[in-house]
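A.B. asks: Only the shape, not the letters, is given here:
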């Protein structure tokens, strides 16, 4: 389950002793990583734009990630809704009700089921 909170401004919040105040998502531990100059500078720029630290930007990035499976399933459901909303515009559709059970949707239903139940078979992560 991914959390969807906005960038939190922990870099400006300090306690009485001057230490950073407790973080919104809990205490953090000191870690190390190697980054290219490009990544480091990009994190600084993003942090400056949002009034946050590089650490806060990385924290936010990891909390907002969606899996490929979630993205594909959401896109498919959005496509179905668009089709549902536009259904009836063609003369051959007058008086008919939109349904995914129509034979023309067979391959699409199969793809939707695979994206939902077996994303690895489509090359998606889980």
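C.D. replies: Nice, I can see it. Predicted, not measured: the structure shown is a model, and the values here were computed from it.
A.B. asks: Which stretches in this protein count as helices?
C.D. replies: Ranges of helices in the chain, per DSSP state H, are 37-50, 54-64, 68-86, 106-117.
A.B. asks: Ok, which of these comes nearest residue 27?
C.D. replies: Relative to residue 27, the nearest member of the helices of the chain by CB to CB is helix 54-64, separated by 12.0 Å. Backbone N, C-alpha and C define where each C-beta goes, glycine included.
A.B. asks: Mind giving me the packing neighbours of that closest one?
C.D. replies: helix 37-50 (3 or more CB pairs under 8 Å, 6 or more residues apart in numbering; DSSP states H and E).
A.B. asks: how far is the helix it packs on from where the chain is centred?
C.D. replies: 20 Å (CA atoms, centre = their mean, to the nearest Å).
A.B. asks: now swap in stretch 71-90 and tell me
C.D. replies: 19 Å.
A.B. asks: Could you list the low-confidence segments of this structure?
C.D. replies: Applying pLDDT under 70 to the chain flags the ranges 1-15, 18-25, 65, 125-126.
A.B. asks: Could you break it into its assigned domains?
C.D. replies: Per automatic domain parsing, the structural domains of the chain span 10-64, 68-122.
A.B. asks: residues touching residue 28, list them.
C.D. replies: Neighbour list for residue 28: 55, 59 [criterion: CB atoms under 8 Å, 6 or more residues apart in numbering].
A.B. asks: one step back: can I get the helices of the chain in CSV with distance to residue 29?
C.D. replies: Output for the helices of the chain, formatted as CSV (distance: least, CB to CB, whole Å):
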stretch, distance to residue 29
helix 37-50, 19
helix 54-64, 11
helix 68-86, 28
helix 106-117, 36
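A.B. asks: of all those, which lies closest to residue 31?
C.D. replies: helix 54-64 (9.3 Å).
A.B. asks: what comes up buried for that closest one?
C.D. replies: By neighbour count on 16 or more other CB atoms under 10 Å, the buried set for helix 54-64 is 54, 55, 56, 57, 58, 59, 60.
A.B. asks: ditto for stretch 117-126
C.D. replies: Counting neighbours by 16+ other CB under 10 Å, the buried set in stretch 117-126 is 119, 124.
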